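Undergrad: 3D model of this:
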Amino acid sequence: MSLSAAEDDSASEIHLPADIDWEMLDKSKFFFLGAALFSGVSGTLYPIVMLKTRQQVMLNEMSCFKMAGSIMRTEGFRGFYRGFGTSIMGTIPARALYMGALEVTKSNVGYIASGQMGFSEASASAIANAAAGLTAAMAAQLVWTPVDVVSQRLMVQGAGCNTSSCMVGLKKYSGGIDAFSKIIHLDGARGLYRGFGISILTYAPSNAVWWASYSIAHRMIWSGVGCYFCKKDENGNGGSGYRPDGKTVVAVQGLSAAMASGVSALVTMPLDTIKTRLQVLDSEESVRGRSPTILQTVKNLVREGGLAACYRGLGPRWASMSMSATTMITTYEFLKRLSTKTQENFA
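TA: Numbers count the residues shown, from 1 in each chain. Next up is the predicted model:
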């Protein structure tokens, strides 16, 4: 079954829009439009990230709906956007690093895997996507970890998060600049990179798995579509292959992204919970000048609620990852088509 190139049985052929590699992109347009588009995506999904973060630092579990209602009553709609200014300032350079590393790695590794190592098109695509996701996540974390530390500390503040329901050790900040200066004063520059190691352990493999899974799911779905139209043609309808319209292409991209997000969220959730607590909470060790350790954080979680405590916030994270990934991949493919150097219509 061919997804783009002709085979003996033309009826089973699917003619997809041509892929756009790094060399075909207008870089200035790519980064400028990307910053604008993904800032909008981040703003839309930020309240879900807020709920997930607050759930991860709770002593006692609270449902998303109950927490959302509490935030709305005590803090108003603005409560869902605590730390958003800091987050969006970091999103732009982090996304630029992510997209650049992603496309460069994907193009180079794809060429090596298929052209020099002789892998099949499907295998080369999965390998290139996995390597690209790994590299992009590592590059982005250089910027994103300090932004994450500051924005998450701002997220967990407010009247809706009090000492009876939240972890002790939460400091109060008047804004992003205040949080930044106090973290530097207390822990130095390393305080901004608290949880950097586990962030890499969380996001790098997660991105590698996600992009590889996305590539595989994308091909599987199109193969299923091809089989359907092949059977349809065998019933006498004829045809020279299937050319999906723009809406079908977007739907397949979105479904592939949602499928890839499910396993990734489930596997990496404990690491994400540990990372969030390391970045947000000031334990007794940090007061004495020592950063909290991963082992101590794990012990605290197990003491609070066993293994289930590591999965607090799974619902919002799963929803956030699925929505973010679906929006991201469709926006990303749209961005690449807007940023091509040629005038050819890829829609």
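
Undergrad: thinking residue 91 is in contact with residue 38, fair?
TA: Yes - between residue 91 and residue 38 there is a contact at 6.6 Å, judged by C-beta atoms under 8 Å. Every residue, glycine included, has its C-beta placed from N, CA and C.

Undergrad: From the contact counts, what lies against the helix or strand where residue 141 lies?
TA: Per DSSP states H and E: residue 141 is located in helix 121-155. If contacts are counted by 3 or more C-beta pairs under 8 Å, 6 or more residues apart in numbering; DSSP states H and E, helix 121-155 sits against helix 27-56, helix 84-111, helix 176-187, helix 196-232, helix 246-280.

Undergrad: List the buried residues in the longest one.
TA: Using 16 or more other C-beta atoms under 10 Å as the burial criterion, the residues of helix 196-232 that qualify are 196, 198-219, 221-223, 225-226, 229-230.

Undergrad: distance between it and the chain's centre?
TA: 14 Å (C-alpha atoms, centre = their mean, to the nearest Å).

Undergrad: tell me the angle it makes with helix 84-111.
TA: 60 degrees (axes from the mean of the first three to the mean of the last three C-alpha atoms, to 10 degrees).

Undergrad: Quick check: mean pLDDT of helix 196-232?
TA: Taken as a whole, helix 196-232 carries a mean pLDDT of 81.

Undergrad: got it, and the second one?
TA: Per-residue confidence for helix 84-111 averages out to 87 on the pLDDT scale.

Undergrad: Tell me the gap between the helix holding residue 141 and the middle of its chain.
TA: The answer for helix 121-155 is 8 Å, by C-alpha atoms, centre = their mean.

Undergrad: next one: stretch 194-211
TA: 10 Å.

Undergrad: from here on, count from 40
TA: Sure, I'll start numbering at 40, so the last one becomes stretch 233-250.

Undergrad: Send me it as PDB with only the CA atoms.
TA: Taking C-alpha atoms only, stretch 233-250 is exported to PDB below (Å, rounded to 0.1, in the frame of the first residue of the first chain):
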ATOM      1  CA  ARG A 233      15.700  22.700  39.900                       C
ATOM      2  CA  GLY A 234      14.300  19.600  38.400                       C
ATOM      3  CA  PHE A 235      16.300  20.100  35.200                       C
ATOM      4  CA  GLY A 236      17.600  16.500  35.200                       C
ATOM      5  CA  ILE A 237      14.200  14.900  35.700                       C
ATOM      6  CA  SER A 238      12.700  17.300  33.200                       C
ATOM      7  CA  ILE A 239      15.100  15.900  30.600                       C
ATOM      8  CA  LEU A 240      14.300  12.400  31.800                       C
ATOM      9  CA  THR A 241      10.600  13.200  31.500                       C
ATOM     10  CA  TYR A 242      10.300  15.200  28.300                       C
ATOM     11  CA  ALA A 243      13.200  13.800  26.100                       C
ATOM     12  CA  PRO A 244      12.000  10.100  26.100                       C
ATOM     13  CA  SER A 245       8.400  11.300  26.100                       C
ATOM     14  CA  ASN A 246       9.000  13.400  23.000                       C
ATOM     15  CA  ALA A 247      10.900  10.600  21.300                       C
ATOM     16  CA  VAL A 248       8.100   8.100  22.000                       C
ATOM     17  CA  TRP A 249       5.500  10.700  21.000                       C
ATOM     18  CA  TRP A 250       7.000  11.600  17.600                       C
END
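
Undergrad: who's in contact with that stretch?
TA: 168-173, 175-177, 179-180, 183-184, 187-188, 226, 299-300, 302-303, 306-307, 310-311, 313-315, 317-318, 330, 333, 364 (C-beta atoms under 8 Å, 6 or more residues apart in numbering).

Undergrad: ok, now with 7 Å
TA: 168-169, 171-173, 175-177, 180, 184, 188, 299-300, 303, 307, 310-311, 313-314, 317-318, 330, 333 (C-beta atoms under 7 Å, 6 or more residues apart in numbering).

Undergrad: Repeat that for stretch 364-383.
TA: Contacts of stretch 364-383 (C-beta under 7 Å, 6+ apart): 59, 63-65, 68-69, 72-73, 76-77, 80, 289, 292-293, 296-297, 299-300, 385-386.

Undergrad: PyMOL command for the buried members of those?
TA: Command for PyMOL, covering only those of those found buried under the criterion 16+ other C-beta under 10 Å:
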select buried, resi 59+63+64+69+72+73+76+77+80+289+292+293+296+297+299+300+385
